[in-house]
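[1] Fold the stuff below for me.
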Amino acid sequence: MRHSDKKHSIRLLAALLSALPLTAGAAGLGKLTVQSAIGQTLRAEVELSASAEELASMTARLAPPSAFKQAGVEFASSLSGVKVQVDKRGSRPVLVVTSDRVVNEPYLDVLIELTWSS
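    I've put the predicted structure just below:
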């Protein structure tokens, strides 16, 4: 296997934040699919489980470095410039995680904040 064929391995740590306390029916994260290789810009998708009402107001972003510190997770410098957005693949909602620069680390810990109004 060539070096450029090796996939990134991402451990996804999600912080689900809401204006109201979380309930049993709150949004959740599913399967992570990494679509990029080491030496490429990061591209990954995370399946998202949420109601239509939650999705209507949901936003996603990379958590700030202070949240990483609070969670006891190292904030890798390669995470600077990582963007997260809520999107759809067919009928299923996903989080799309992308970077604007090449990532050479084989492993990344990513902490994502989700917010929604309900």
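
[2] CA only for contacts and neighbour counts going forward, please
    Will do.

[3] Now do the same for residue 54: helix, strand or coil?
    The three-state assignment at residue 54 reads helix, by DSSP: H, G, I helix; E, B strand; the rest coil.

[4] Low-confidence bits of this protein, can you list those?
    Under the criterion pLDDT under 70, the flagged ranges of the chain are 1-26, 118.

[5] all helices of it, in order?
    52-57, 65-71 (DSSP state H).

[6] And those: which comes nearest residue 91?
    Nearest to residue 91 among these is helix 52-57 (11.3 Å), distances taken as Cα to Cα.

[7] hmm, back to that, may I see the helices of the chain organised as a markdown table, with mean neighbour count and distance to residue 101 added?
    A markdown table is the format used below for the helices of the chain (neighbours: other Cα atoms under 10 Å; distance: least, Cα to Cα, whole Å):
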| stretch | mean neighbour count | distance to residue 101 |
| --- | --- | --- |
| helix 52-57 | 13 | 28 |
| helix 65-71 | 14 | 18 |
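
[8] which non-adjacent residue is nearest residue 67?
    residue 111 (8.0 Å; Cα to Cα, 6 or more residues apart in numbering).

[9] From residue 92, how far out is that neighbour?
    Distance, residue 111 to residue 92, by Cα to Cα, to the nearest Å: 22 Å.

[10] Next: residue 68.
    Separation of residue 68 from residue 92 (Cα to Cα) stands at 28 Å.

[11] again with residue 65
    30 Å.

[12] on that earlier part again, and residue 111 and residue 92? Which one has more around it.
    Each of residue 111 and residue 92 has its neighbours counted (other Cα atoms under 10 Å); residue 111 has more, 23 against 11.

[13] quick revisit: looking at the helices of the chain, which is nearest to residue 42?
    Nearest of those to residue 42, taken as Cα to Cα: helix 65-71 at 18.7 Å.

[14] Would you agree residue 105 is in contact with residue 38?
    Yes. Here residue 105 reaches residue 38: they are 6.8 Å apart, a contact under Cα atoms under 8 Å.

[15] neighbour-wise, which of the two wins?
    Shown here are residue 105 and residue 38; by other Cα under 10 Å, residue 38 has more neighbours (19 against 15).
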